[in-house]
Structures are given as structure tokens and as C-alpha cells.
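Q: Just need the structure, nothing else, for what follows:
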Amino acid sequence: MPFTETGIPGLLVYEPKVFNDNRGYFFESYSARAFEEYGLNLPFVQDNQARSTFGVLRGLHYQLEPYAQTKLIRVLEGRIIDAVVDIRKGSPTYGKSFAIELSAENKLQLLVPKGFAHGYSVISPTAEVMYKCDNFYHKASEGGIIYNDPALKIDWGINPEEALVSEKDMVLPTLENCTHNFVFNK
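A: Numbering: from 1, shown residues only. Here you go, the predicted structure:
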């Protein structure tokens, strides 16, 4: 199976099968059939792509219900530390963070369900990140958690003094003080 469970309900690592030969490689970066066979029916409606330089740290972001988004994140160029926090009330892993290196080389993807705050840091000279979303962007529903909340203990893979963080992300609240409306569904 191309899916690996992370220990946090619903949060999955997707590893597509890569076919290598002397010409290079080929792989299906997304197959609705593979996801449906695993019991996931995700009507992705929007693709987002961002290019960033070393030290850029984006997040931790989410959109409130009913505009919450499931995301499938992958790296087209470079390397990132991708991090999420479970903020679903009633979840057995509420407040737990998870981080993984995603890169153009390892071709791993992270499936982040609704109810998670998401962010990433760039640990290579540049990185190009692409992610699929199952709901459209809705500015009025934006929410977030400060990336350096000590309760989360996220290792972003970069020196905190070198982090390039937007002004908007620098003033986000801690997990304890954030506003969200997510509920865990078994």
C-alpha cells in the first residue's frame, strides 16, 4: 500500500510508486483510484504552488469550517520540513504535532485532513511546494497558530534566528489561545 499511518488519526504519508530507468523517472503523483482503494474520496478542487528560499517558514495555517481544507502536499524542487498540529476537539492526539521531510528526491507526500494547522520551512537553497485542496480558499475563514509555540515542540530544521516569517504569521496566537471549530470524528 502506498499509504503509511503516522500515529495521528487521518494523517497519512503517501509514497507513490516511482519507475526509474536510464532516461529518468516516471510516477503518478496523484491517482484518485489509489486513494479510493484506501477508502479516501477526496474531490480536490484547487492546486496551490509556492516557491521560497532557504529559511522561509510558512504557517501554521488552517481555514475554519465550513471552509476547512484537506491538503495533499508535495515538493517539486528542494526540501522542506512539513509540520502539522491536530486541533480537532476530542481527538486522542489533540495538540500533538507531526513533522516530516518532504523533498523532490524522496517524492513523499503528506495528506493533511481537515482539523489540522499546517506549515513548512525551507531547508534547501530554494523549494517549490505544491498542494491539492478539497475546498477553495476563503480569506474570512483563515486561522493560525504561532510557529514557535513552545507547547508544540516543532523542530523546523533551521536556526530560529534565520527563519523568514511573514508579519501576519508572527502575530498568530498559541494553540491554547487560537480559535477553531474542529471536532474529531472517528
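Q: make it CA atoms for all contacts and neighbour counts henceforth
A: Will do.
Q: quick one: contacts for residue 63?
A: 69, 138, 141, 142, 143 (CA atoms under 8 Å, 6 or more residues apart in numbering).
Q: Over to residue 168: give its phi and psi.
A: phi -60, psi -40 (degrees, to the nearest 10).
Q: Which positions in the longest helix that the chain contains come out as buried?
A: Criterion DSSP state H: the longest helix present in the chain is helix 32-37. By neighbour count with 16 or more other CA atoms under 10 Å, helix 32-37 contains the buried residues residue 34.
Q: in the protein, what residue sits furthest out from the centroid?
A: residue 22 (32.4 Å; CA atoms, centre = their mean).
Q: Let's see the pLDDT reported for it.
A: Per-residue confidence (pLDDT) for residue 22: 96.
Q: Distance check, it against residue 45.
A: In this view, residue 22 and residue 45 are 35 Å apart by CA to CA, to the nearest Å.
Q: swap in residue 56?
A: Distance from residue 56 to residue 45, counting by CA to CA: 26 Å.
Q: State the distance from the residue nearest the centre of the chain to residue 99.
A: Geometric centre of the chain, nearest residue: residue 118, 4.7 Å, by CA atoms, centre = their mean. For residue 118, the distance to residue 99 equals 10 Å [CA to CA].
Q: Now list whatever residues contact both of those two.
A: 82, 83, 84.
Q: thinking the second one is in contact with residue 102, fair?
A: No - under the criterion of CA atoms under 8 Å, residue 83 makes no contact with residue 102, lying 10.1 Å away.
Q: on contacts alone, who are the packing partners of the very next helix or strand once past the longest helix of the chain?
A: Sequence order places strand 46-53 as the next helix or strand after helix 32-37, per DSSP states H and E. Contacts defined by 3 or more CA pairs under 8 Å, 6 or more residues apart in numbering; DSSP states H and E place strand 46-53 against strand 126-133.
Q: what's next to the strand it packs on, contact-wise?
A: 44-54, 69-80.
Q: Could you rerun that using 10 Å?
A: Residues outside strand 126-133 that contact it (CA atoms under 10 Å, 6 or more residues apart in numbering): 30, 42-56, 68-80, 102-104, 109-113, 120-122.
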